[in-house]
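>>> heads up, no residue letters with this:
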């Protein structure tokens, strides 16, 4: 899961250089827009060859040529001057596009520069530029353009400049905010630490990340400029010698096309404007979706239903067992490629009041496993085998409605990264109350609700007077406590804690561990604690499941895991820990990196990094060996010594 | 040049504006965040000094001050005998080659649109050194291989998102090494990495200090990770150093109650060795309104009435071991 998210995040910044076209190709909205624009472009560029009539020769107009309906000679009829509408339409495309692109070019240069300067230098420059921008924004564009154009000579060049000089405001704002965002990133600080000057930082670090936004913005500015020009021409302020689409509308409207019923003289140029603006809008949307992956609807698209497996029989409820996962396998569907086997054949049981640690490096499938329990996988994820038995029901086979009754009310989750999981504009108390109401609509919405919120906060050690504070007023540790309170809102029996202490200081980490341990005793909770840090779980858990590359490496009670580990991976993980009693000892590390889930080794998944690997490990995947009642390890060495 | 003159920090302070009094606010005195509030230490050539403390103790601000990325409010920093406290940008450029930094988050500290080669090459470009292409390539490759990215050719054309967290941190280290610095400031270089990879990065830093004679200032919140390679440890709380000593002195004979608490909460990967943990309640108070007397007294498990009033001075326990606590006053 983690790898999926990370890839996703970085694809945003892959840069224009690499896979932009690859992903844009798949964006049908963007492609439609691109094709629509290309058609007009080709018409405009090759106008003299396509046009059936020369639009400049109007001298020979006779009364009989005016406002002729579409016929064989004039496919789209003739206009008020007896000219061919089709030809005018094509030549008009040239004028409209020229105005649109040149005016937009001016706007983008001005807006881009001002936005960059304001965002990068900040302080007074920012203040002056942005206040000026604000003033420009509140002045209604069109009336101002009308006034200026009316005062100057209505030439095409003037129109381009006026539209360009007034259309930069949104660009400046967008570029400024993107610059601010990029400027605060750590790689800019690192560049300063290297000794890079301002120019270097702007050119090498800021611009490459502002560019994608500017490209999207450019498309919108072009369409705005084309609309402005059309409006001006329609109002009779256009260049009378340049017959743009707006000018065509103006002439047709002003010279009685409506009263004669010559619809073609109005519809054709109108269609041109709509076509281009629509094409640009679609292209803009396509570009934005490609360049800005935050628009991905990741967890909101419904997951794939679990594959029905015969093994999935509601097992006999063993005494005290609350959750039993049997042979669970999860794949990520990879278009055109073999599915990524993110989790394979994992089993564990959770008893009432028990705390189990789910341990492994990033990308070993632990988050996927956890999300699969409640079927919260992203849309590419699918449970392909196994069962999740929770109090006699198989969660993989429940309908979404039935599962919604289990989610949060019976099994809830404390997510990683408490800052991102809280809504910054609502008070913490409010968000906890919302969690209660959402899952228990019958809960009375009066003082009892407030009392419940205060109870929950008290339970996690937050004083009642912090109820009405916002998340940014909370420290990191308090936010994590608030997340735990939210998870407790509906009195669940099981809590899944996904790396709840990872970004926290050791002292705060110790506080949170102590809190979880006390809640477990006080409320009889069962907890699944997901972490990459074996040291953390040693303090509080009863059992440990060590995962590697999506499979179970070792599963045993906590004492066995730390004192008699049998899997080399567990042994290496423990060795990687600094031992405070022998501070001078050199730390040992596990060379290499976990396997990519779409490129798993043929044999044991740990073999490439295993210090004890032998031939068989590279060709054959080891089975799960039961060493004792509560001890499972999947390693060929274990089998040999049995 | 004597070793004491290598890097010397005296009475260093950095206060940030905590919002000037507005038109409608009731208080009329400006308020300050006392991020760093009087720090003294020296660093010797090729020595490893660990700076340990919770978030909000001022250790990251201290690192930015040392790098000249923030301007100190008070105090002096001298490097090789020269005062470098308030250098102008162009004066500092030469110095930057000698003091380099490794940042906490290897996912954030690399520009996603640059290739690894461009990233490691960038410092050379900025400083205009090794203008000959062959020489430059050689230096880039050497820095990468010294940082453990072997063979360098495999990585040159890749982008940061194609690398794992540990590899990215090696790229950051390579980009610092390429300038052949004398001091490496490592700000929480392993806290974002998996435990299995942390040891690798720490071992790499320890090796560099031997092969390249680089002094390292290692900033971390985890006392447990400093054992193997730090020579000395300084523990910070609310903008000040509260205890400083050799690694063994601090880890084996901690004197300040805060150091003792920090040591007690380090996770021990063995359930048979579960110990009594001293869990301090609450978090580091905000550095705007500092507590009176000893800054640690509101959270101190052994605070006495006197701690509320008097701010303890450093007690000299041995030549190398100093701690600021009233309990140590004889």
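That came in fine, so what should we check first? What you see is a predicted model; the values in this text were computed from it and never measured.

>>> which elements pack onto the host helix or strand of residue A:289?
Taking DSSP states H and E as the criterion, residue A:289 maps to helix A:263-291. If you count contacts as 3 or more Cβ pairs under 8 Å, 6 or more residues apart in numbering or on different chains; DSSP states H and E, helix A:263-291 packs onto helix A:20-25, helix A:28-45, helix A:85-121, helix A:207-234, helix A:245-254, helix A:257-260. In short, each C-beta sits where N, CA and C put it, glycine included.

>>> distance of the residue lying closest to residue A:250 once chain neighbours are set aside relative to residue A:154?
With Cβ to Cβ, 6 or more residues apart in numbering or on different chains as the criterion, residue A:250 has its nearest non-adjacent residue at 4.9 Å, and that residue is residue A:234. Separation of residue A:234 from residue A:154 (Cβ to Cβ, to the nearest Å): 13 Å.

>>> quick one: which of the two has more around it?
Set residue A:234 next to residue A:154 and count neighbours by other Cβ atoms under 10 Å in any protein chain shown: residue A:234 wins out with 23 against 18.

>>> thought that one was touching residue A:249?
Yes: assessed by Cβ atoms under 8 Å, residue A:234 is found in contact with residue A:249 at 5.0 Å.

>>> and the helices in chain B?
Using DSSP state H, the helices of chain B run over B:59-66, B:89-96, B:116-127, B:133-146, B:152-156, B:165-177, B:195-211, B:247-252, B:257-264.

>>> picking that back up, I'd like the next helix or strand past the helix holding residue A:289.
Following helix A:263-291 toward the C-terminus (DSSP H and E): strand A:321-332.

>>> now do that following strand, average pLDDT.
Across strand A:321-332, the average pLDDT comes to 91.

>>> what's the burial count for residue A:48?
By other Cβ under 10 Å, 12 other residues sit near residue A:48.

>>> residue numbers of the stretch 151-300 of chain A in contact with chain B?
Within the stretch 151-300 of chain A, the positions lying close to chain B (Cβ under 8 Å from any Cβ of the partner chain) are A:185-187, A:189-197, A:200, A:204-205, A:208-209.

>>> buried ones among the residues you listed?
A:185-187, A:189-196, A:200, A:204-205, A:208-209 (16 or more other Cβ atoms under 10 Å in any protein chain shown).

>>> which pair in the residues you listed spans the largest distance?
A:195 and A:209 (20.9 Å; Cβ to Cβ).

>>> residues from the stretch 301-450 of chain A in reach of chain B?
A:361, A:362.

>>> just to be sure, residue A:555 is in a strand?
Yes: assigned with DSSP: H, G, I helix; E, B strand; the rest coil, residue A:555 falls within a strand.

>>> so it touches residue A:634, yeah?
No: with contacts counted by Cβ under 8 Å, residue A:555 stays clear of residue A:634, the gap being 9.1 Å.

>>> who has more neighbours, those two?
Between residue A:555 and residue A:634, residue A:555 has the larger neighbour count (other Cβ under 10 Å), namely 28 against 24.

>>> report the beta-bridge partner residues of the more buried one.
residue A:545, residue A:632 (DSSP bridges).

>>> and the helix holding residue A:289, what's its mean pLDDT?
Rounded mean pLDDT across helix A:263-291 is 88.

>>> give me the buried positions along it.
A:264-270, A:272-273, A:275-277, A:279-291.

>>> give me the number of residues near residue A:22?
Residue A:22 has 11 nearby residues by other Cβ under 10 Å.

>>> hang on, the earlier thing: which residues touch the residue nearest to residue A:250?
A:246, A:247, A:249, A:250, A:253 (Cβ atoms under 8 Å, 6 or more residues apart in numbering or on different chains).

>>> what segments of chain B are strands?
Remark: strands assigned in chain B by DSSP state E are B:7-17, B:32-43, B:48-52, B:74-79, B:82-83, B:99-102, B:183-187, B:215-220, B:232-237, B:240-246, B:315-316, B:322-323.

>>> and the ones you listed: which comes nearest chain A?
Ranking the strands of chain B by proximity to chain A (Cβ to the nearest Cβ) places strand B:99-102 first, at 4.6 Å.

>>> quick one: the strands in the stretch 301-450 of chain A, in order.
Counting by DSSP state E, counting those that start in this stretch, the stretch 301-450 of chain A has strands at residues A:321-332, A:340-351, A:355-359, A:381-390, A:393-394, A:411-414.

>>> redo the ones you listed as TSV? Include mean neighbour count.
What follows is these, written out as TSV (neighbours: other Cβ atoms under 10 Å in any protein chain shown):
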stretch	mean neighbour count
strand A:321-332	21
strand A:340-351	22
strand A:355-359	26
strand A:381-390	22
strand A:393-394	17
strand A:411-414	24
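
>>> so which bits of the stretch 1-150 of chain B are right by chain A?
Counting by Cβ under 8 Å from any Cβ, the stretch 1-150 of chain B sits next to chain A at B:54-55, B:67, B:69, B:89, B:92-93, B:96-97, B:100-101, B:103-105, B:107-114, B:122-123, B:125-127.

>>> at 6 Å instead, please
Applying Cβ under 6 Å from any Cβ of the partner chain, we find that the stretch 1-150 of chain B lies next to chain A at B:54-55, B:67, B:69, B:93, B:96, B:101, B:103, B:105, B:108-113, B:123, B:126.

>>> narrow these to those that are buried.
B:54-55, B:67, B:93, B:96, B:101, B:103, B:105, B:108-113, B:123, B:126.

>>> and the gap between residue A:33 and residue A:274?
13 Å.

>>> same thing with residue A:34?
17 Å.

>>> tell me how far residue A:549 lies from residue A:334.
For residue A:549, the distance to residue A:334 equals 16 Å [Cβ to Cβ].

>>> kindly apply the preceding question to residue A:226 instead.
Computed as Cβ to Cβ, the residue A:226 to residue A:334 distance reads 42 Å.

>>> likewise residue A:448?
50 Å.

>>> ditto for residue A:467
For residue A:467, the distance to residue A:334 equals 46 Å [Cβ to Cβ].

>>> returning to what we had before: Serialize the strands of chain B to JSON lines and add fields for mean pLDDT.
Listed next are these as JSON lines, based on pLDDT from 0 to 100:
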{"stretch": "strand B:7-17", "mean pLDDT": "93"}
{"stretch": "strand B:32-43", "mean pLDDT": "92"}
{"stretch": "strand B:48-52", "mean pLDDT": "94"}
{"stretch": "strand B:74-79", "mean pLDDT": "94"}
{"stretch": "strand B:82-83", "mean pLDDT": "91"}
{"stretch": "strand B:99-102", "mean pLDDT": "92"}
{"stretch": "strand B:183-187", "mean pLDDT": "93"}
{"stretch": "strand B:215-220", "mean pLDDT": "94"}
{"stretch": "strand B:232-237", "mean pLDDT": "95"}
{"stretch": "strand B:240-246", "mean pLDDT": "95"}
{"stretch": "strand B:315-316", "mean pLDDT": "91"}
{"stretch": "strand B:322-323", "mean pLDDT": "95"}
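
>>> how about those, which one is nearest residue A:426?
strand B:32-43 (26.7 Å).

>>> packing partners of the closest one?
strand B:7-17, helix B:59-66, strand B:240-246 (3 or more Cβ pairs under 6 Å, 6 or more residues apart in numbering or on different chains; DSSP states H and E).

>>> JSON lines for the ones you listed, including mean neighbour count?
Formatted as JSON lines, the helices and strands packed on strand B:32-43 follow (neighbours: other Cβ under 10 Å):
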{"stretch": "strand B:7-17", "mean neighbour count": "18"}
{"stretch": "helix B:59-66", "mean neighbour count": "24"}
{"stretch": "strand B:240-246", "mean neighbour count": "24"}
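
>>> turn those into TSV, including distance to residue B:273.
Compiled in TSV, these are given as follows (distance: least, Cβ to Cβ, whole Å):
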stretch	distance to residue B:273
strand B:7-17	37
helix B:59-66	29
strand B:240-246	24
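
>>> show me what from the stretch 451-600 of chain A comes close to chain B.
The stretch 451-600 of chain A has residues A:475, A:477, A:505-507, A:510-511, A:514, A:532-536, A:538-539, A:558-559, A:562, A:574, A:576-578, A:583, A:586-587, A:589-590, A:593 near chain B, with proximity defined as Cβ under 6 Å from any Cβ.

>>> many thanks, have a good one.
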